[in-house]
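1. A predicted structure for the sequence below; I have some questions about it.
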Amino acid sequence: MNTRTRAIPFLFVTPSLLVLLAFGIYPLIYTIRLSFQTWLLFRPNIPPSPAGVANFGRLLADSQFGKSILTTLVFMGITLSAEFVLGFGVALLLNVIVKWRKVFRTVAMVPMTLSAIVAAVIWRLLYNPDFGLLNYFFQLLFGKRFFVNWLGDPHVALISICITDIWQWTPFVIVIVLAGLQSLPVEPYESAVVDGASGLQRLVYLTIPMMRTTILITLLLRGMDLINEFDKIFGMTFGGPGYKTQVVGLYLYRVGFRFYDMGYLAALCLMVLIFVMVITQILIRLIRR
């Protein structure tokens, strides 16, 4: 094999490598460098100056960052659990019911086609305490005294956002799990029926073990998306009331584009990157077992 022939594979890979360097490696290196500097955009005449590890020391003492991480974990835990349980249950039902399966699957995917901002606007109108449909229907059921400020009550706001995300992304879990169920072999189930196994036993000892990889991949994809949640909460509450719905993405936005502290923003982004990598590695190891 001559040199020209050996160079052909590298020629095809070069465009992808250039894109990776331009949009992946270089921004990461620049962010690491910027995290050790002080750069305030509201002082455009002052160039970035060395700050050492001051940004990381400030991060450790930042209670708002810790609260945003906690809010993100709570939001992720509630939403991911509900989406998986509902999606898995509906997928099991659709796997048994053949009639109208395609119609239901098509209709269920409609929320996924909406952008996060459109979904936020729709549900913000539904949640409106004065003319929203939710309060209207609940008042028909429970009387005129029923009133919930869905996005203005600190105790209810985060749950309201979780409901919106569950409505929009449970169909994703349904589609993935249903595809996995339809790809399972039939023979183990036939043997289990002959041996007298009940439906619950077949679910616990056959379906779930054989669906393990599909389940973990689904959790991984949705979990990473929920950690990066920004636009839906931005459109519904902007982190309010107070800071009750301020997830980590919103906090980064405020530091960077409200306070214009780019050095501190870079340090925060690196910590979030490490946080996401740890969770991703845990799920990937579970998949490989």
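-> Cool, got the structure.
2. how about the strands of the protein, start to end?
-> 37-38, 49-50 (DSSP state E).
3. Could you report the neighbour count for Val85?
-> 12 (other Cβ atoms under 10 Å). Placement of C-beta: from N, CA and C, glycine included.
4. same question but for Val186, I mixed them up
-> Count around Val186 with other Cβ under 10 Å applied: 7.
5. From Gly143, how far out is it?
-> 53 Å (Cβ to Cβ, to the nearest Å).
6. Repeat that for Trp39.
-> Taken as Cβ to Cβ, the span from Trp39 to Gly143 is 57 Å.
7. Could you do Tyr264 as well?
-> Counting by Cβ to Cβ - Tyr264 and Gly143 are separated by 50 Å.
8. Also Pro15?
-> Distance from Pro15 to Gly143, by Cβ to Cβ: 65 Å.
9. repeat for Pro9
-> With Cβ to Cβ as the criterion, Pro9 and Gly143 are 72 Å apart.
10. My guess is Phe75 contacts Leu158. True?
-> Yes: counting by Cβ atoms under 8 Å, Phe75 touches Leu158, with 6.2 Å between them.
11. Please identify every residue contacting each of these two.
-> Thr245 (Cβ atoms under 8 Å, 6 or more residues apart in numbering).
12. returning to what we had before: same drill for Tyr264 and Gly143, tell me which one is more crowded.
-> Neighbours per residue, other Cβ under 10 Å: of Tyr264 and Gly143, the larger number sits with Tyr264, 26 against 8.
13. And the pLDDT at that one?
-> According to the prediction, Tyr264 has pLDDT 92.
14. Report the contact partners of it.
-> So Tyr264 contacts Asn55, Arg58, Leu59, Val255 (Cβ under 8 Å, 6+ apart).
15. Also Gln37?
-> By Cβ under 8 Å, 6+ apart, the neighbours of Gln37 are Pro48, Ser49, Pro50, Ala51, Gly263, Ala266.
16. any idea which of those is the one closest to Ile284?
-> Ala266 (26.2 Å; Cβ to Cβ).
17. Tell me how many other residues surround the closest one.
-> There are 21 residues near Ala266, going by other Cβ under 10 Å.
18. Kindly report the same for Asp195.
-> Asp195 has 8 nearby residues by other Cβ under 10 Å.
19. Next: the one 4 residues further on.
-> Gly199 is flanked by 12 other residues according to other Cβ under 10 Å.
20. Residue ranges in the stretch 151-289 of the chain under the pLDDT threshold?
-> For the stretch 151-289 of the chain, applying pLDDT under 70 flags the ranges 287-289.
21. mind listing the helices for it?
-> 157-182, 187-194, 199-202, 208-210, 212-227, 231-236, 248-257, 262-288 (DSSP state H, counting those that start in this stretch).
22. Can you lay out the ones you listed as JSON lines showing distance to Val85?
-> Listed next are those as JSON lines, based on distance: least, Cβ to Cβ, whole Å:
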{"stretch": "helix 157-182", "distance to Val85": "9"}
{"stretch": "helix 187-194", "distance to Val85": "22"}
{"stretch": "helix 199-202", "distance to Val85": "16"}
{"stretch": "helix 208-210", "distance to Val85": "13"}
{"stretch": "helix 212-227", "distance to Val85": "12"}
{"stretch": "helix 231-236", "distance to Val85": "21"}
{"stretch": "helix 248-257", "distance to Val85": "25"}
{"stretch": "helix 262-288", "distance to Val85": "18"}
